[in-house]
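Undergrad: turn this into a structure:
(chains A and B)
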Number of protein chains: 2
Amino acid sequence: MLLFSLSRHGAIPLLPGTLAGVIDLAVDWMTDLKEGVCLSAFWYSHEQCCWTSNETTFEDRDKCPLWQKWSELLVNQSEGASAYILNYLMYILWALLFAFLAVSLVRVFAPYACGSGIPEIKTILSGFIIRGYLGKWTLLIKTVTLVLVVSSGLSLGKEGPLVHVACCCGNFFSSLFSKYSKNEGKRREVLSAAAAAGVSVAFGAPIGGVLFSLEEVSYYFPLKTLWRSFFAALVAAFTLRSINPFGNSRLVLFYVEYHTPWYMAELFPFILLGVFGGLWGTLFIRCNIAWCRRRKTTRLGKYPVLEVIAVTAITAIIAYPNPYTRQSTSELISELFNDCGALESSQLCDYINDPNMTRPVDDIPDRPAGVGVYTAMWQLALALIFKIVVTIFTFGMKIPSGLFIPSMAVGAMAGRMVGIGVEQLAYHHHDWIIFRNWCRPGADCVTPGLYAMVGAAACLGGVTRMTVSLVVIMFELTGGLEYIVPLMAAAVTSKWVADAFGKEGIYEAHIHLNGYPFLDVKDEFTHRTLATDVMRPRRGEPPLSVLTQDSMTVEDVETLIKETDYNGFPVVVSRDSERLIGFAQRRELILAIKNARQRQEGIVSNSIMYFTEEPPELPANSPHPLKLRRILNLSPFTVTDHTPMETVVDIFRKLGLRQCLVTRSGRLLGIITKKDVLRHMAQMANQDPESIMFN
Amino acid sequence: MLLFSLSRHGAIPLLPGTLAGVIDLAVDWMTDLKEGVCLSAFWYSHEQCCWTSNETTFEDRDKCPLWQKWSELLVNQSEGASAYILNYLMYILWALLFAFLAVSLVRVFAPYACGSGIPEIKTILSGFIIRGYLGKWTLLIKTVTLVLVVSSGLSLGKEGPLVHVACCCGNFFSSLFSKYSKNEGKRREVLSAAAAAGVSVAFGAPIGGVLFSLEEVSYYFPLKTLWRSFFAALVAAFTLRSINPFGNSRLVLFYVEYHTPWYMAELFPFILLGVFGGLWGTLFIRCNIAWCRRRKTTRLGKYPVLEVIAVTAITAIIAYPNPYTRQSTSELISELFNDCGALESSQLCDYINDPNMTRPVDDIPDRPAGVGVYTAMWQLALALIFKIVVTIFTFGMKIPSGLFIPSMAVGAMAGRMVGIGVEQLAYHHHDWIIFRNWCRPGADCVTPGLYAMVGAAACLGGVTRMTVSLVVIMFELTGGLEYIVPLMAAAVTSKWVADAFGKEGIYEAHIHLNGYPFLDVKDEFTHRTLATDVMRPRRGEPPLSVLTQDSMTVEDVETLIKETDYNGFPVVVSRDSERLIGFAQRRELILAIKNARQRQEGIVSNSIMYFTEEPPELPANSPHPLKLRRILNLSPFTVTDHTPMETVVDIFRKLGLRQCLVTRSGRLLGIITKKDVLRHMAQMANQDPESIMFN
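TA: Numbers count the residues shown, from 1 in each chain, chains lettered A, B, ... in the order given. Sure, this is the predicted structure:
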């Protein structure tokens, strides 16, 4: 039984693990397709093509004869202006083709496949149902379009959408077992575990995945789920390792190895990067939400295909000339994180070597920057501005789009620039007090790659407001366990700064924008209002629509159902005593009456409906009564009218309620729904309660 | 405000961070004191003594002239049988002295300072109050005695007790601020954060600390607490790093660096180690609980000082001759985790070198074992059996004692032995199918240290049943992020195996043994009983003791208080209608009546007590009535009698309730307390409900 249950939990992450591997391979191929094609087999990526042709090393890959750029293939030119322009055009054309395919597929087959999916999954896990959001079509289309949009070079990542894909897998598996498909709570536990598996495979960070699911995605996370998520993440990571898409036998996406420790004085630039991350997070959330609101409310929203095409075209046109934006964003991050070893050929490592110095390969002292580094700084600055602007417009379009990678790229670029700055400052001013203690001439004291890593963590933290999971993901990504204090310091600073401008992370902001009824567990409710201030009916409103236990006719109830749109009705002893006995769901009431009218003899509009065990005493000639005790929920949740709203909010959160009845000494006074709670919280926070739209 | 609030959270971990540093230094000195003394300054440990004397390297430390063994100092002999016996005796004497001091201090000043403290902190965080458990005396005495017992060489660790010490610090700080001291919930949040800080400094594992607090210690862990714990752990780790007690500028206690990856075929021995860990966990818990129960119920419990002295004497006598038990347990673990580099002088690294082979220092191929390794295997096997037995008797004595380090030592010894076995097998049988693919002659294919690490994780997991926090702590301890899959596989196996024999970890088992009213969040309750089956009064029992809202006299209430020992009484409209209006606490009731009788004029035994807004209409000559609405809780928690117990258990857990009233259509039927729930759960699990003792 135990093994069976675990094997089911183990089966779920097999699929996302496999999908992630396939996506990685497909993206590699299609990204390279924008630049050229492999003559030996067109389905080979640049790297595979050169490997298989004649075992040249990685450094010679540009000389690989079987890989042909489009200009070589089409007009047999590899250099010169016309070749450049032809390659440029091909790059743009492929990008447009991929993007057009993606947005069309999403529009036609699975509108829910757009976006990162994390806000919606958060909402679903909090108890709200969005039908079809985790369906099989969404799974299929999101997987395919994800490959297309990432390959098209748009400023987006595949990590968030992979969480959605993993949850679709989880939902699919749980629909196969009645234990899960019939119990909402159990299904949500499976989804939490699936989200963990999603991050686990997205980054190859199993522990980070579990923590992300805990901190960011899941609403209520029982410890049993922690253990299952852990298992799911393990299997997913294991599957991915078996597929080995990064080709380095490591689970780690951006493996780094630095050779110098960090020094206390460096905490200052790290904290500065934290501030930058917080400010970027705030700026991004504000601008992105403003733009998405404009899309929702103006004519812009009517042309999603055009929008995607336009943004793709602009991205491709601006990105191609700059090497840091032309390459894929993961490659960029990887290059920025890297320490400059002796064999590094990157432009970022173009330092002026001191010919008198002979040193082991690993431990290269700080050197003055060469021309390449200065060029790289300019290009990085331009790339940074471009990424900042274009990401704001990209996230939220009608295509799958994740935020992790673009945020990390922004931070890594800023961090690398700061790092090179500090390095050069330390090299040229060894004698300054702040450098004197730790940075002697000829020592390797500043690692710019570490700054890039810290910057990436700060920016990701500013946008998502993760803390623990962020740090764990970062050190699982890079293997840089030694740098836990810098990472934590940057994460803490970035969260402080960003929180000072607004408590909402990007996912909460999108939940709010879309008006999902989501009761954030992080908000504190400290006002002194009581349940009686929030419940319906308010003073002056018509009394609550209730059913009586044994005195209403079928027709009365049908009229009530027709005239109101409530989800359910409290059942009381009688209108006079108003003593609560239970709660009946609208859906079940409609179904029960329909069935009774069709199948039960003697049920007419005049029949009395009763919820008690025994039928009421009726006059002799009255029609046959209808017993409905079966659909009566005998344990509805109640609070008294004097209960502080702080307690009520707590109960709604922890028990995941949708409504709660208000009584005073057993008499029913009113009802509080989740929407009432949300409206009241908005009001107390001086927001317009009607801004919560609930579409 | 934000900064102020955070600075308070930051101040709490400063103290545990400092204490942990001081404890580490004191333990180092006192452990060495058992073997000898430093002539230049008696408060120097062996290492400090040799460092300060004349900068000899670590390898020459045995030749350091200023450090004198007791035999050298007292009879001027350093070799020979009599010197050995003298040193042996001094070792035992110091150990006995330390242990005697520790147990006496605990007995006289702070009986709560004994044990690891984690079961009690779990219980406190679940809502139970143990007065004085987190007091200042406990803090002081536990810190001092912890140093003594660890130095005495007993088979225990300082990690668990440090969590208790940190919680005492947290409690002390929260008593300074009324916001925390007056609100139980807030105080518990501070304690959760303090627990995280405790593990953070115990191991130098900040993230592991947060996760341990989440998974193992805290009962209810809101996300706000996650963030605060994270911050607390960061500050604590930072403080500890500034004190730098391990002298290696690393936060990491057992830093390892392995040079070879692991291979799929090795998963088999790793899983075997997981099975061993699970079996050891089960064995340890069963035997330890049986022994502790014997201590509780027989005369043994009356002589705690004698018991400690006896166990210390036996430990010291058996431990001294074997080098692996004579050294401190952390040093042992560190040695077992280490890979055999070229410079390693340990007996465990006594391999036969091939003189023809010249290789870089790092990458030493597998070699045949030398005499030293075989000796070490024997000694390790004896040490393993000794540790297994002695730890069972040590944990639970009336001294501070943690379990992490002894469990890890057991696992590391077993793991290292398995590792050496696999290594030799692979060396001598390269041609076997299982080795052929990955273990060529002259390759460095098996790292015995990694097996020790995996074994340690498995045993710790078997005892505590941690999962995620275990893996994170292990890789924070060792820096071995590459080995996440082996660690996870061992943790999963060990938990499966151990859970198959009994669901309880050691902390839950001790909670159970001590009869604390702890409602485990991990247990699932799936029975179909209803609230009405559990509530009191049962059928046939006298009716519930209630107060009426305006018809009982002061004397009636005083009699009721005298005759019962309930914590509080429901208040109803009248005995006939039994409609519930609120709940009055026994303590507040007694206080209010006492105050009224002393200060309010006209309050006599015959005065009517009323809980309504307006006084009841009374006959003209009746005495002045007593208004008690102020102490009435107007929002007591209620469920209906038809509520499934599954829901009730869930509500008790998530909302941390102590009691809950049961009603049917507004009429009060009974009450369910936490103890009723616990008894019912025990009954449903086919345990004797009276085995839950509630001392």
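
Undergrad: what about the helices in the stretch 401-550 of chain A?
TA: Remark: helices assigned in the stretch 401-550 of chain A by DSSP state H, counting those that start in this stretch are A:404-428, A:433-436, A:448-464, A:468-478, A:484-501, A:506-514, A:531-534.

Undergrad: secondary structure element for the nearest residue to residue A:83 once chain neighbours are set aside?
TA: Ranked by Cβ to Cβ, 6 or more residues apart in numbering or on different chains and with sequence neighbours excluded, the top spatial neighbour of residue A:83 is residue A:71, at 3.7 Å. C-betas here are computed from N, CA, C, even on glycine. Secondary structure assignment for residue A:71, by DSSP states H and E: helix A:70-75.

Undergrad: what separates the helix or strand just after that helix from the chain centre, distance-wise?
TA: Counting by DSSP H and E, the next helix or strand C-terminal to helix A:70-75 is helix A:81-109. Relative to its parent chain, helix A:81-109 has a centroid offset of 26 Å by Cα atoms, centre = their mean, to the nearest Å.

Undergrad: stretch A:606-625 now?
TA: Worked out by Cα atoms, centre = their mean, stretch A:606-625 lies 54 Å from the chain centre.

Undergrad: what mean pLDDT does stretch A:141-151 get?
TA: Taken as a whole, stretch A:141-151 carries a mean pLDDT of 93.

Undergrad: same question for stretch A:265-284.
TA: pLDDT averaged over stretch A:265-284 gives 94.

Undergrad: pick out the residue in the stretch 251-400 of chain A sitting closest to chain B.
TA: Ranked by Cβ to the nearest Cβ, the top residue of the stretch 251-400 of chain A for proximity to chain B is residue A:261, at 6.4 Å.

Undergrad: how many neighbours does that residue have?
TA: 14 (other Cβ atoms under 10 Å in any protein chain shown).

Undergrad: now swap in the one 3 residues further on and tell me
TA: By the measure other Cβ under 10 Å, the count of residues near residue A:264 is 12.

Undergrad: same deal with the one 4 residues further on?
TA: Applying other Cβ under 10 Å, we find 11 residues neighbouring residue A:268.

Undergrad: same check, this time on residue A:612
TA: Neighbours of residue A:612 (other Cβ under 10 Å): 15.

Undergrad: tell me the spacing between it and chain B.
TA: Distance of residue A:612 to chain B, computed by Cβ to the nearest Cβ, to the nearest Å: 11 Å.

Undergrad: try residue A:680
TA: Counting by Cβ to the nearest Cβ, the gap from residue A:680 to chain B is 17 Å.

Undergrad: quick one: contacts for the spatially most central residue of chain A?
TA: When Cα atoms, centre = their mean is applied to chain A, the residue found nearest the centroid is residue A:118 (3.5 Å). Contacts for residue A:118 (Cβ atoms under 8 Å, 6 or more residues apart in numbering or on different chains) come out as A:160, A:163-164, A:216-217, A:507.

Undergrad: for residue A:497, same thing?
TA: A:274-275, A:277-279, A:281-282, A:462.

Undergrad: of all the residues in stretch A:673-687, which ones are buried?
TA: Of the residues in stretch A:673-687, A:673-674, A:676-683 count as buried by neighbour count, 16 or more other Cβ atoms under 10 Å in any protein chain shown.

Undergrad: I'd like these as TSV, with pLDDT and secondary structure appended.
TA: Formatted as TSV, those follow (pLDDT from 0 to 100; DSSP: H, G, I helix; E, B strand; the rest coil):
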residue	pLDDT	secondary structure
A:673	89	strand
A:674	85	helix
A:676	87	helix
A:677	88	helix
A:678	85	helix
A:679	86	helix
A:680	88	helix
A:681	85	helix
A:682	82	helix
A:683	84	helix
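
Undergrad: and the residue nearest to residue A:83, how many neighbours?
TA: The local packing of residue A:71 (other Cβ under 10 Å) involves 23 other residues.

Undergrad: equivalent analysis for residue A:575, please.
TA: Applying other Cβ under 10 Å, we find 11 residues neighbouring residue A:575.
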